[in-house]
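Engineer: compute the structure for the input listed below.
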Amino acid sequence: MLLGRFEFLGFHPAPQGVPKINVTFKIDVNGILNVAAKEMISGKKKNITVKYNRGGLSKHEIQKKIKEAEIFKLEDEMYHKTTLCMSRPTNLTRSFFENFLHKHGSRNILVGT
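Structural biologist: As a prediction, this is how the structure comes out:
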């Protein structure tokens, strides 16, 4: 069931791991869903409100969705931590070479043997 569409576009290209976007989901006692997103560097914000309509979710279904969201939140946090761990070696290597090039210039790099 599609509750609404939320697109948050228009960011400038940035290196991996640089964009930071905080997203919050809130469901009130009336079943109204509020979603807010904020890009932390530019401060750009976007919100959407999805109201309960007849034929929509029952209060029981809403509670079930809240419980599922809590489970998905834990899964998302684990995925985020795994992604950070996997990207650290790449970021360290990139940082090392950028510092090396800055200090020594590209003329000191040997390519092949």
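Engineer: if I look at the most centrally placed residue in the chain, how far off is A14?
Structural biologist: With the centre of the chain defined as its mean C-alpha position, the nearest residue by C-alpha atoms, centre = their mean is I21, 5.5 Å away. Distance check for I21 against A14: by C-beta to C-beta, to the nearest Å, it reads 11 Å. Every C-beta, even on glycine, is put in place using the N, C-alpha and C of the backbone.
Engineer: ditto for N47
Structural biologist: The span separating N47 from A14 equals 23 Å under the rule C-beta to C-beta.
Engineer: how far out from the middle of the chain is stretch 41-60?
Structural biologist: Shown here is stretch 41-60, whose average C-alpha point lies 18 Å from the average C-alpha point of the whole chain (C-alpha atoms, centre = their mean, to the nearest Å).
Engineer: and it, end to end?
Structural biologist: Criterion C-alpha to C-alpha, to the nearest Å; first-to-last residue distance in stretch 41-60 is 39 Å.
Engineer: per-residue confidence averaged over it?
Structural biologist: When pLDDT is averaged along stretch 41-60, the result is 79.
Engineer: contacts for it?
Structural biologist: Contacts made with stretch 41-60 from outside it, assessed by C-beta atoms under 8 Å, 6 or more residues apart in numbering, are listed as 1, 3-4, 6, 8, 10-11, 14, 18-20, 30-39, 65.
Engineer: repeat that for 7 Å
Structural biologist: Counting by C-beta atoms under 7 Å, 6 or more residues apart in numbering, stretch 41-60 makes contact with 3-4, 6, 8, 20, 30-38, 65, all of which sit outside it.
Engineer: max pairwise distance over those residues: which two?
Structural biologist: Of all pairs drawn from the contacts of stretch 41-60, the one with the longest distance (C-beta to C-beta) is K20 and N30, at 31.4 Å.
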